[in-house]
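**Student:** Make a model of this:
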Amino acid sequence: MKILDKKAFEYFISTLWNIWNSRNNAICRDKEEDANVILEHAHKLNNNLWIHNFSSQLILPWVPRCCKWEKPPEGVIKLNADAAVNSYGMSLGIIVRDSDGFFLSGKASFINKVITLSGRS
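**Tutor:** Numbering: from 1, shown residues only. This next block holds a predicted model:
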C-alpha cells in the first residue's frame, strides 16, 4: 500500500467531505451534482485552505481556552446539553453524570419542526 503525502491526503479528505456534502444536498435539498462538479469543489476548497493556511495574518485571533468537564460536588448530578439548529429543525444531545463522572443517562434527538420567531426592539 502506498503512503499518501500530506497534500494528497488533504485533497483526499476534502474530496470525501464534498462527496458527503453533495449526498446531503441530494437527500435534503433535492439538489444533485455531477461528479466532476464535486471534484472541482474539492479542488477549490483544498486550494482555498492552502491559501488561508499560508496567509501572513490570522483572520480571527486564536484564543486558547481550557474546556473540560469538571465533576460536581459529592451527591450532585450534572447535566450537560448541546443543541444545533438549522432551517430543517433542531438536534439535541443531553448527558447526565454523577460526582464520580459515572454515566447515568443520556439522550439524543432530532426535532423536525421549524419555529419562526419574531420580535421588536
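**Student:** Please, which helix or strand holds the spatially most central residue of the chain?
**Tutor:** In the chain, the residue lying closest to the centroid (CA atoms, centre = their mean) is Ala84, at 9.6 Å. Under the criterion of DSSP states H and E, Ala84 resides in strand 78-86.
**Student:** What of Glu32?
**Tutor:** Using DSSP H and E, no helix or strand contains Glu32.
**Student:** ok, now which ones touch it?
**Tutor:** 22, 25-26 (CB atoms under 8 Å, 6 or more residues apart in numbering). For the C-beta atoms, the positions are set from N, CA and C on the backbone; glycine is no exception.
**Student:** What of Asp100?
**Tutor:** Contacts of Asp100 by CB under 8 Å, 6+ apart are Lys71.
**Student:** Helix or strand for the residue nearest to Lys31 when sequence neighbours are not counted, just tell me which one.
**Tutor:** Nearest residue to Lys31, sequence neighbours excluded (CB to CB, 6 or more residues apart in numbering): Asn25, at 4.5 Å. Using DSSP H and E, Asn25 sits in helix 6-28.
**Student:** Tell me where the protein is predicted with low confidence.
**Tutor:** For the chain, applying pLDDT under 70 flags the ranges 1-4, 52, 55-59, 114-118, 121.
**Student:** could you redo the last one with a cut-off of 90?
**Tutor:** Within the chain, the segments meeting pLDDT under 90 span 1-15, 17-18, 21, 23-33, 35, 38-39, 41-73, 82-92, 99-103, 109-121.
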